[in-house]
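Visitor: The following block contains a protein sequence and its predicted model.
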Amino acid sequence: MTSAPAQRPAACVLGTVPGTKFEGQRIGIVDLDSAGQEIGRIDLAEADLPEFVRDREDRAGGDSSGPGGARSRWVLSDTAKWCPPLLAAGVSLERCHDLRLAHAILARSELVTAPEAVRAASEWDAAPADAAAPEQAAALFDLDAGRGFIPQVPHDLVAALAEHVRQTAAIETASDPGRLRLLLAAESAGGLVAAEMRAAGVPWDEAEHDRILTELLGPRPIRDGKPQKMLSKAEDVRAALEDPRVNLDSPNRLLASLRNAGINVASTSKWELQTSEHPAVAPLLEYKKMARLLSANGWHWLDEWVDDGRYRPVYVPGGVVTGRWAASGGGALQIPRQLRPALRADEGWRLVSADVAQLEPRALAAMSGDRAMAEAGFGRDLYSGLVDAGVVATRQEAKIAVLGAMYGSTTGEAGALVPRLRQNFPAAMHLVDSAAEAGRQGGVVSTWLGRTSPPPGEGWQRLQRAANRFDATGADEQRARRAAGDQGRFTRNFVVQGTAAEWALAWLADLRLRLARLPEIEETSEAAAPNGGKDTSPAAASGPVFSRRAHLVFFLHDEVIVHAPTEQAEEAAEAIRAAAASAGRLLFGDAPVDFPLDLSIGERAIKD
DNA sequence: CTCCCAGGCGCG
DNA sequence: AAAGCGCGCCTGGGAG
């Protein structure tokens, strides 16, 4: 069946091949050399794939960074499809090229000078971010056996080979193939990380979660009623409003009741309520907070998303046009700070948490080559650096000014402060101002590594045309100007958010490999003998690949959490730091920008 | 009944 | 009804 290739293949393309009725699904693997020429072809039963992959990855062995030591890059349709069964069988891929994720980038990138062939292969367009019409979305996705979406791209070998040829050609003729290769490698590694984090799960202390809910809301109600503390808080609000029957969960009715009580607000939103001194406001805000906690992360959520001491959200790499990840179940991107104490390491393990301070402005300083801005943030809090440099008076002002610059604020305090940044950091501000101007004109912009923004839609174009007609009304012009401004703020932010996302992906990718090189720990004593060798330790819930080694469990834009055996926690922390330094060099070379981390090791993942 | 939208709020 | 970007999720309530 399998024969060792004469030379180590540079790439192995993986895909399904037709088998006979009785064989079940078969898998084909085509080995390619570095020139893309076929040097071997193998065909095996689906059930034999994990062993085959393990054998290949093991045989390459050792340090893969040295010459001749590189493991092959697996080329596959979609990490979300191929990885889960491999991980369940105890096998992970070191490197891959995810054709679906790569397609989404290449079909749009400004760096690609000959995009026609890739763009024409529309069967590869089913990325979540590109699901054009909502009515088609249901048909574009399969709800897999577990949870989460497997986009409907072709998974067969013939289609994978053809798409790989198209992508390779597009990359080779790109204006800067190196950057694009870096981006695609990072994006694909992100696909692997997402699949692996889902397999491992976040260690979650269900008892602590329940304790937090009970403390804040009262004991869990039988059936679907509201907990007692919430009911009594609601009574306080109704009493203060002198409206004993009002339904606080209905914004319309609540608004009417508030106005009857003489509270002059236009909506029931928090920021507006805060302006009122009325005695109903304080308990109402508390009630809203309780209601939010109950509906978003209450007992129902716990039942649905946490199992066996593991929280397994569905990540969607590349799900945001800027390159950030999205989530499609479980709310991985919105775990409230209130519940942070529920993230808890297994017995004998630690959580190593790290986040980057002010990632986006640092990415901006690096990509624009703004030495003054880089200097302001070097080795310290960037906002305090702005105060020290005399750009603004307080840290709070610095934050408002910097966010305002990246988001395109023109009014209020931010609007007043941004001109000072323009004066002090001309290179950085020129970069974002140019991006905004391109967007206002209807153009596209690209991140540092070449991810390109989507052009404005047909509706936007129509508004602009309407405003340019001879009979355009003032309202037409106002609408068009507003839409142009919106698009400008989008492209302004795109280059910064997208480049920050690239740094974060490079960080993740490098960290993942460093952690995978750590040795497996010895079996813990309880897990060793009694059960005939079967692993019964809590860490077994992380699955065969991760139960004995530090591994990533959480990622959120500029933050990672690693679950590590206690004796490996320091090494894991060092890996996180080394990966951050490495990501900075990989993207920005010797630019004088650093990406300092706030890092902590503990039983729980507590952020202040 | 289902579908869709807006309001509101959690995260970066 | 935030000013000022990017998301996902839950709820109520109207449309079909």
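Guide: Done, it's in.
Visitor: can we go C-alpha only for contacts and neighbour counts from here?
Guide: OK.
Visitor: quick one, longest helix in chain A?
Guide: Using DSSP state H, we find that the single longest helix of chain A is helix A:474-516.
Visitor: Remind me what that one packs against, helices and strands.
Guide: Secondary-structure packing of helix A:474-516 (3 or more C-alpha pairs under 8 Å, 6 or more residues apart in numbering; DSSP states H and E): helix A:177-200, helix A:359-368, helix A:395-407, helix A:426-440, helix A:458-468, strand A:551-555, helix A:569-588.
Visitor: For DNA strand C, tell me whether that helix is touching it.
Guide: Yes. Judged by C-alpha under 7 Å from any atom of the strand, helix A:474-516 comes into contact with DNA strand C at A:486, A:489-490, A:493-494.
Visitor: Those residues into JSON lines, with extra columns for distance to DNA strand B?
Guide: Shown next, in JSON lines, are those (distance: C-alpha to the nearest atom of the strand, whole Å):
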{"residue": "A:D486", "distance to DNA strand B": "15"}
{"residue": "A:R489", "distance to DNA strand B": "12"}
{"residue": "A:F490", "distance to DNA strand B": "11"}
{"residue": "A:N493", "distance to DNA strand B": "9"}
{"residue": "A:F494", "distance to DNA strand B": "10"}
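Visitor: what about stretch A:107-117, distance to the chain center?
Guide: 24 Å (C-alpha atoms, centre = their mean, to the nearest Å).
Visitor: residues of it that come out buried?
Guide: For stretch A:107-117, the neighbour count (16 or more other C-alpha atoms under 10 Å) marks A:107-112, A:114-115 as buried.
Visitor: Stretch A:568-584 too?
Guide: Buried residues in stretch A:568-584, counted by 16+ other C-alpha under 10 Å: A:568-569, A:571-573, A:575-577, A:579-584.
Visitor: Report the secondary structure element holding A:L14.
Guide: For A:L14, the host element (DSSP states H and E) is strand A:11-17.
Visitor: tell me what that strand is packed against?
Guide: Applying 3+ C-alpha pairs under 8 Å, 6+ apart, one finds that strand A:11-17 contacts strand A:26-32, strand A:73-76, helix A:157-172.
Visitor: Make CSV out of those and add mean neighbour count, mean pLDDT and distance to A:M197.
Guide: Below are these laid out as CSV (neighbours: other C-alpha atoms under 10 Å; pLDDT from 0 to 100; distance: least, C-alpha to C-alpha, whole Å):
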stretch, mean neighbour count, mean pLDDT, distance to A:M197
strand A:26-32, 22, 97, 25
strand A:73-76, 23, 98, 19
helix A:157-172, 19, 98, 25
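Visitor: Could you dump those into a markdown table with distance to A:D598 added?
Guide: Formatted as a markdown table, the helices and strands packed on strand A:11-17 follow (distance: least, C-alpha to C-alpha, whole Å):
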| stretch | distance to A:D598 |
| --- | --- |
| strand A:26-32 | 43 |
| strand A:73-76 | 33 |
| helix A:157-172 | 37 |
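Visitor: Indicate which one of the ones you listed is closest to A:Y407.
Guide: For those, proximity to A:Y407 was assessed by C-alpha to C-alpha; helix A:157-172 is nearest, at 31.7 Å.
Visitor: quick one: the closest one to chain centroid distance?
Guide: Distance, centroid of helix A:157-172 to centroid of chain: 26 Å (C-alpha atoms, centre = their mean).
Visitor: same check, this time on stretch A:101-113
Guide: Per C-alpha atoms, centre = their mean, the displacement of stretch A:101-113 from the mean C-alpha position of its chain is 19 Å.
Visitor: tell me how far the ends of that stretch are from each other?
Guide: End-to-end span of stretch A:101-113 (C-alpha to C-alpha, to the nearest Å): 19 Å.
Visitor: Ok, stretch A:372-383 next?
Guide: Length of stretch A:372-383, first residue to last, C-alpha to C-alpha: 13 Å.
Visitor: just stretch A:273-287 next, same as before
Guide: So stretch A:273-287: terminal residues 13 Å apart, C-alpha to C-alpha.
Visitor: Would you mind pulling the contact partners of it?
Guide: The contact list for stretch A:273-287, computed with C-alpha atoms under 8 Å, 6 or more residues apart in numbering, reads A:230, A:233-234, A:236-238, A:240-241, A:263, A:265, A:270.
Visitor: Can you tell me which of these is nearest DNA strand B?
Guide: Ranked by distance to DNA strand B (C-alpha to the nearest atom of the strand), the contacts of stretch A:273-287 are led by A:K270 at 3.9 Å.
Visitor: The residue lying closest to that closest one once chain neighbours are set aside: neighbouring residues, count only.
Guide: Excluding its sequence neighbours, the residue lying closest to A:K270 (C-alpha to C-alpha, 6 or more residues apart in numbering) is A:L285, at 6.9 Å. Using other C-alpha atoms under 10 Å, A:L285 has 19 neighbouring residues.
Visitor: ok, A:L285 to A:D236 distance?
Guide: To A:D236, A:L285 is 12 Å away according to C-alpha to C-alpha.
Visitor: that older thread, out of the residues of helix A:474-516 next to DNA strand C, who's the most crowded?
Guide: Using other C-alpha under 10 Å as the neighbour test, those are led by A:F494, with 27 neighbours.
Visitor: which ones are touching the spatially closest residue to that one that is not a sequence neighbour?
Guide: With sequence-adjacent residues excluded and distances taken as C-alpha to C-alpha, 6+ apart, A:F494 is closest to A:T322, at 5.7 Å. A:T322 makes contact with A:451, A:453, A:494-495, A:497-498, A:501 under the criterion C-alpha under 8 Å, 6+ apart.
Visitor: Brilliant, that's me finished.
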